[in-house]
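>>> Dropping a prediction and its sequence here:
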Amino acid sequence: MAFREFGSVLRKTYQDIQNNHTMAMAAGLSYYFVMSLFPALILAAAIVAYLPVPDLFGKTLNAMQQFVPPDSMGVVRSVLKDVITPSRGGFLTIGLIGTIWAASGGFASLIEALNVAYDVPETRPVWKTRLLAIGLMFVIGGLMVFAAVAMFLGPQFGAWLAAKVHLSWMFARVWPVLRWAISIAFTVLAVELMFYWAPNVKQRFWSTLPGAAVGIGFWIAASYALSQYFQHFANFNKTYGALGAAIALMVWLYWSWFFILVGAEINSELLKAQGHGRIELKEPPPRAVYARPAWEEDKAA
C-alpha cells in the first residue's frame with residue numbers, strides 16, 4: 001500500500017471514530033464486560049479446577065496484575081473469594097446455563113460494536129449470534145489464559161525446561177524475552193479471531209492482523225500508563241469512596257476496548273480500500289417480498 005493510500009486510511013479511520021461514536025461504544029462495552037466479568041471468572045475457576053496444574057486460576061489472576069490496576073484486582077479477588085467455594089464441580093452442575101449466558105453477554109455486545117465499526121448491518125439470526133458469543137467467550141478466554149500462563153511461568157522456567165528436555169543453553173537465555181513474545185502472540189491471535197469471527201463481514205483471516213497489532217500495541221501502552229497513573233497520581237478512593245476500585249476497573253476497560261475498536265476501524269478501512277468501498281456480508285439480508293398493488297393486479301387482469 002502506498003504512503004498516500006495509508007494516509008487516506010488513517011484519515012478515514014479518524015472520521016469513522018467520530019461518526020461511529022467509538023468512545024461511546026467503548027463505554028458501553030466496559031459496562032457490559034463488567035457485568036460479564038465475574039460470571040466468566042466463576043466459570044473459569046470451575047473449569048480450570050479440573051486441569052492438572054496446581055492453583056492455575058490463582059496464577060492466572062496474578063498474571064492479570066500486569067495489566068489490570070492493582071485496586072481493581074483487589075475488587076476482583078474479594079468478590080471471587082466470597083463467591084467461589086473450595087468444592088469442585090458445583091458451578092458445572094448448578095446454574096451452568098445461567099452462568100454461561102451472563103458471561104457471554106459482553107461478547108454479544110462486542111459483536112454489535114464490531115458491526116458498527118465495520119459499517120455493516122447484522123443479518124444473522126439472534127440464536128446464531130448468541131451461540132457465536134458463547135463460542136468467542138470460550139476461545140478468546142482460553143487464548144488469554146494461555147497468554148497469562150506464558151507470563152507467570154517466570155524466567156527460571158527456561159532453564160528448568162532446557163535441563164528437562166535437553167535443550168540448548170541458548171533457550172534458557174532467550175526465554176525471559178520469549179515468554180513475553182509468546183504471551184503477546186496469543187493475545188494478538190485472540191483479537192484477530194475476534195475481528196475475524198464476530199462482525200458480519202467476509203474477510204481473510206490474515207487481513208485482520210494490522211488492526212489487531214495496532215489495537216494490542218496501544219492497549220499494552222495504555223494499560224502501563226494507566227497503571228502508573230493509578231499508583232502515583234490518581235486517588236479514586238478520595239473522590240469515589242468505596243467505589244474507587246470499581247471506577248478504576250471501568251476506566252481501564254473503557255480505554256482497553258476503545259483501542260481494540262480503533263483496530264477494528266483500521267481493518268474496516270483497509271477492507272474497504274481493497275474492495276473499492278464495498279464490504280461483503282457473511283449472510284446477505286433477506287430479499288423483500290414485493291407485493292403487487294391492487295391497481296396493478298386490476299390492470300394486469
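Received it, and whenever you're ready, just let me know what you need.
>>> Quick check: what element follows the one helix or strand residue 181 maps to along the chain?
According to DSSP states H and E, residue 181 maps onto helix 169-197. Once the chain leaves helix 169-197, the next helix or strand it forms, by DSSP H and E, is helix 209-232.
>>> And that next one, what's buried?
By neighbour count with 16 or more other C-beta atoms under 10 Å, helix 209-232 contains the buried residues 209-216, 218-220, 222-223, 226-227, 230. To be clear about C-beta, it is placed using only N, CA and C from the backbone, and glycine gets the same treatment.
>>> Past it, which element shows up next along the chain?
Using DSSP H and E, the helix or strand that follows helix 209-232 towards the C-terminus is helix 236-240.
>>> Give me the mean pLDDT for that next one.
For helix 236-240, the per-residue pLDDT values average out at 73.
>>> Mind checking what helix or strand follows that helix in sequence?
Next along from helix 236-240, by DSSP H and E: helix 244-274.
>>> tell me the angle of that next one relative to helix 209-232?
Inter-element angle recorded for helix 244-274 and helix 209-232: 160 degrees (by axes from the mean of the first three to the mean of the last three C-alpha atoms, to 10 degrees).
>>> picking up where we left off before, and the angle from the helix holding residue 181 to helix 244-274?
For the pair helix 169-197 and helix 244-274, the angle between their directions (the same axes, to 10 degrees) equals 70 degrees.
>>> elements contacting helix 169-197?
Of the remaining helices and strands, those touching helix 169-197 by 3 or more C-beta pairs under 8 Å, 6 or more residues apart in numbering; DSSP states H and E are helix 105-117, helix 126-152, helix 156-164, helix 209-232, helix 244-274.
>>> where's the fourth one relative to the chain centroid, distance-wise?
In other words, helix 209-232. Counting by C-alpha atoms, centre = their mean, to the nearest Å, helix 209-232 is centred 13 Å from the centre of its parent chain.
>>> next one: the longest one
Put simply, helix 244-274 sits 9 Å off its chain's centre (C-alpha atoms, centre = their mean).
>>> follow-up on the earlier one: go through the helix holding residue 181 and flag the buried ones.
Applying a neighbour-count criterion of 16+ other C-beta under 10 Å, the buried positions in helix 169-197 are 172, 175, 179, 182-184, 186-197.
>>> returning to what we had before: ok, of the buried residues of helix 209-232, which one's closest to residue 151?
Residue 151 has its nearest neighbour among those in residue 220, at 12.1 Å by C-beta to C-beta.
>>> And that closest one, what's its pLDDT?
pLDDT recorded at residue 220 is 89.
>>> residue contacts, residue 218?
259, 262, 263 (C-beta atoms under 8 Å, 6 or more residues apart in numbering).
>>> go with 10 Å
Taking C-beta atoms under 10 Å, 6 or more residues apart in numbering as the criterion, residue 218 is in contact with 255, 256, 258, 259, 260, 262, 263.
>>> okay if I get the helices and strands packed on helix 169-197 as TSV plus distance to residue 28?
Output for these, formatted as TSV (distance: least, C-beta to C-beta, whole Å):
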stretch	distance to residue 28
helix 105-117	7
helix 126-152	15
helix 156-164	39
helix 209-232	17
helix 244-274	9
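>>> those helices in the stretch 1-150 of the chain, which residues are they?
Residue ranges of the helices in the stretch 1-150 of the chain, as given by DSSP state H, counting those that start in this stretch, are 3-19, 22-48, 56-64, 70-83, 90-93, 96-103, 105-117, 126-152.
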